[in-house]
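Asks: predicted model and sequence below, questions to follow.
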Amino acid sequence: MPHPEDVALPRRRERFEDRRKERSHRDLLDSFFDRPTLLAVSRLINQGKIDAVDFPIATGKEGGVFRATAGDEFRAVKIYRIGNSTFHNLPAYAVEELRRETSVRNFAGLIFAWTRREHSILGRLADAGVRAPHPYGHLRNCLVMEF
């Protein structure tokens, strides 16, 4: 037998479900798009690397991949989470190598160095003829590449 409140107020339950979905979507966006990351995405748009970020494709422990449009083609934007603990578990040699490459002073700097390094590796792979996404640019913890 249905609950009397559901019969009397059917829209109330629907609104509750909508709010729950909206909250989980907002939590996903909040975990990636803090103010500095939003500014970085805005600068990538101003530089012409992308026109808009459409929707998330995949999310993981260290970041997420979002589909973006650039003119009439699609691009992927990989955004690393700054407040992520999985990067704290990097092997010591990887951390030392990144620190030697750049003057990394804090954890966010390590993420930015990781993004620069991935951009550089993808560029070298594309130049060598390996089937890898072509990198279009990077800024802070955002990497724009071929979809």
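Replies: Everything's here; your move.

Asks: what's across from the nearest residue to Phe55 once chain neighbours are set aside in the sheet?
Replies: Of all residues not flanking Phe55 in the chain, Arg67 sits nearest, at 5.8 Å (CB to CB, 6 or more residues apart in numbering). In short, each C-beta sits where N, CA and C put it, glycine included. On DSSP bridges, the residues paired with Arg67 through beta bridges are Phe55, Ala76.

Asks: in a strand, Ala94, correct?
Replies: No: going by DSSP: H, G, I helix; E, B strand; the rest coil, the assignment for Ala94 is helix, not a strand.

Asks: what's the weakest-modelled helix or strand in this protein?
Replies: The weakest-scoring helix or strand in the chain, judged by mean pLDDT, DSSP states H and E, is helix 4-8 (a mean of 50).

Asks: what ranges do the helices span in this protein?
Replies: 4-8, 10-32, 35-46, 92-101, 107-127 (DSSP state H).

Asks: pick out the shakiest of those helices, pLDDT-wise.
Replies: Least confident of the helices of the chain, judged by mean pLDDT, is helix 4-8 with a mean of 50.

Asks: what residues are up against Arg75?
Replies: By CB atoms under 8 Å, 6 or more residues apart in numbering, the contact set of Arg75 is 49-50, 67-69, 136, 144-147.

Asks: kindly recompute the last result at 6 Å.
Replies: Going by CB atoms under 6 Å, 6 or more residues apart in numbering, Arg75 touches 50, 68, 144, 147.

Asks: before we move on, what about Gly48?
Replies: Taking CB under 6 Å, 6+ apart, one finds nothing in contact with Gly48.

Asks: and Ile57, by the same measure?
Replies: 65, 67.

Asks: wait, doesn't Ile82 sit right on Ala108?
Replies: Yes: contact criterion CB atoms under 6 Å: Ile82 and Ala108 qualify, at 5.3 Å.

Asks: more neighbours: those two, which one.
Replies: Remark: of Ile82 and Ala108, Ile82 carries more neighbours, 19 against 15, as counted by other CB atoms under 10 Å.
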